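Asks: The following comprises the amino acid sequence and a computationally predicted model.
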Amino acid sequence: MVRYKCFHCNEDVSLDYVRKKIRCPYCGSKIIFKARERVTHVKAR
């Protein structure tokens with residue numbers, strides 16, 4: 001399941017809301033990002 005979060009207030013934003021609007025429903029910020037579940041580490045050679 002894809003999770004979106006507001007960059008400004010750090011609240012979860014539902015996928016249905018992101019499809020309709022671009023602003024956060026809680027604070028009105030325009031910056032919404034897809035939260036990553038796992039962090040991938042890459043070793044340099």
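Replies: Now that the structure is in, tell me what you want to look at. Predicted, not measured: the structure shown is a model, and the values here were computed from it.
Asks: where exactly do the strands run in this structure?
Replies: 4-6, 12-13, 32-34 (DSSP state E).
Asks: Deepest-packed of these, please.
Replies: strand 4-6 (a mean of 17; mean count of other CB atoms under 10 Å). In this view, the C-beta of every residue, glycine as well, is placed from N, C-alpha and C.
Asks: name the helices or strands packed onto it?
Replies: strand 12-13, strand 32-34 (3 or more CB pairs under 8 Å, 6 or more residues apart in numbering; DSSP states H and E).
Asks: okay, and the helix or strand of the protein with the least pLDDT?
Replies: When the helices and strands of the chain are scored by mean pLDDT, DSSP states H and E, helix 15-20 comes last with a mean of 82.
Asks: Which of the strands of the chain has the lowest mean pLDDT?
Replies: Here these differ in mean pLDDT, and the lowest is strand 32-34 at a mean of 87.
Asks: Name the residues that touch that strand?
Replies: 2, 3, 4, 5, 6, 7, 13, 18, 22, 24 (CB atoms under 8 Å, 6 or more residues apart in numbering).
Asks: now the residues you listed as CSV including distance to residue 31?
Replies: Shown next, in CSV, are the contacts of strand 32-34 (distance: CB to CB, whole Å):
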residue, distance to residue 31
2, 17
3, 15
4, 11
5, 10
6, 7
7, 4
13, 11
18, 12
22, 9
24, 8
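Asks: nearest to residue 30, of those residues?
Replies: When the contacts of strand 32-34 are compared for distance to residue 30 (CB to CB), residue 22 wins out at 5.9 Å.
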